[in-house]
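Chemist: got a predicted structure plus its sequence, pasted below:
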Amino acid sequence: MITNIVTATPEAIARAGQLIGEGRLVAFPTETVYGLGGDATSDSAVAAIFAAKGRPSFNPLIVHLPDIHAAESLVLVDERARQVADHFWPGPLTLVLPRRAESPVSLLVTAGLDSVAVRAPDHPLAQSLLKAAGRPIAAPSANRSGAVSPTTAEHVAESLGERVDMILDGGPCRVGLESTVLDLTGATPAILRPGGISRERIEALLGPVTVSGEAADAPKSPGQLLSHYAPRAAVRLNAPEAGPGEALLGFGEAPQATLNLSPGGDLTEAAANLFAMLRALDRPEFTGIAVMPIPERGLGEAINDRLRRAAAPRPTSGATP
Ligand code: AMP
Ligand code: MG
């Protein structure tokens, strides 16, 4: 297969930064999943991201930055935001903050909201690319909308192919789940999407936070569509065993599992394996994927969120959202 995957040499990173500057698209690794990056200040680059993903334009994008200082010209950074960033950045935590009136971020990035989601990724290649590009990079996960997120360069090539100009290969992603999205625009911090930083860790710093339910919060975080992260195969949750023809995705001791997220019951390991294993079991020889129960604590909250969306009824139009 001809692909546009390139080894991330310094020359390749410089070229990738140049491509971003020209309004082209570059897929790059972060610690969470691979991102599909484009110039966040360019309407045409951002429109190209939505087109390449087949993503509904009401679903806003996360803007990637080197650090909190770089955020100051885009969003209003108050004491609380600074404290959270000091603690968790660079890392898998996205902050939703009020947009500055003079913010150079394309209005398409935010789908018309008066807030912007920003994050500093904890991955040397992502940081090098940000530096080479010298501008904020808008980047959703580098897959077709609604499908399972990519945690390797090969996953990106399978999903997006020639729709992306370059794929920087940085090996498998360490965390393997998307960032936690934390809304800091209100009096009480609100988790709009569980992810790579657990609620417990955020609450240890900030005190109680609210966690949004799915449908009720649709206007606040339009990206939280119910069916998402979905393999082609039907997914069945909290399954003690596989039904006829099903693959079994195990957790904890389970010799009967087709694949096991973590035989030792480790949630960090399970998170890192989740998307790659869902892909690996998404094969026509199985009638579906049965998933064993995952405890609802720590990273388990984010894992179960993704699994519920993978198992949710699909839109009837045939296309995923
Ligand atoms: P993705 O980058 O595809 O993993 O998804 C980004 C997530 O962040 C989606 O769930 C978006 O709805 C959410 N998001 C991005 N910007 C905002 C914003 N300004 N307000 C609320 N949620 C946002
Ligand atoms: Mg995504």
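Modeler: Good, I have the coordinates. Ligands and ions are numbered 1, 2, ... in the order given.

Chemist: tell me where the stretch 51-200 of the chain has helices.
Modeler: Assigned by DSSP state H, counting those that start in this stretch, the helices in the stretch 51-200 of the chain fall at 68-71, 79-88, 124-133, 153-160, 199-206.

Chemist: tell me which of those helices is the most buried.
Modeler: Most buried of those, by mean neighbour count (mean count of other Cβ atoms under 10 Å): helix 153-160, with a mean of 22. (Glycine included, C-beta is placed from N, CA and C.)

Chemist: just the strands from the stretch 151-300 of the chain, written as ranges.
Modeler: Ranges of strands in the stretch 151-300 of the chain, per DSSP state E, counting those that start in this stretch, are 166-169, 180-183, 190-193, 210-211, 234-236, 247-250, 259-260, 288-291.

Chemist: so can I have JSON lines of those showing mean neighbour count and distance to ligand 1?
Modeler: Converted to JSON lines, these look like this (neighbours: other Cβ atoms under 10 Å; distance: least, Cβ to the nearest ligand atom, whole Å):
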{"stretch": "strand 166-169", "mean neighbour count": "24", "distance to ligand 1": "17"}
{"stretch": "strand 180-183", "mean neighbour count": "24", "distance to ligand 1": "5"}
{"stretch": "strand 190-193", "mean neighbour count": "21", "distance to ligand 1": "5"}
{"stretch": "strand 210-211", "mean neighbour count": "14", "distance to ligand 1": "14"}
{"stretch": "strand 234-236", "mean neighbour count": "18", "distance to ligand 1": "19"}
{"stretch": "strand 247-250", "mean neighbour count": "24", "distance to ligand 1": "22"}
{"stretch": "strand 259-260", "mean neighbour count": "19", "distance to ligand 1": "24"}
{"stretch": "strand 288-291", "mean neighbour count": "26", "distance to ligand 1": "21"}
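
Chemist: can you say which of those is nearest to residue 84?
Modeler: strand 180-183 (7.1 Å; Cβ to Cβ).

Chemist: counting neighbours, what do you get for the nearest residue in space to residue 130 that is not next to it in sequence?
Modeler: Spatial nearest neighbour of residue 130, chain neighbours left out: residue 66 (4.9 Å); criterion: Cβ to Cβ, 6 or more residues apart in numbering. Neighbourhood size, residue 66 [other Cβ atoms under 10 Å]: 19.

Chemist: and residue 66, what does it touch?
Modeler: By Cβ atoms under 8 Å, 6 or more residues apart in numbering, the residues touching residue 66 are 120, 127, 130, 131.

Chemist: quick one, phi/psi of residue 286?
Modeler: Torsion angles at residue 286 (phi, psi; degrees, to the nearest 10) stand at phi -100, psi 140.
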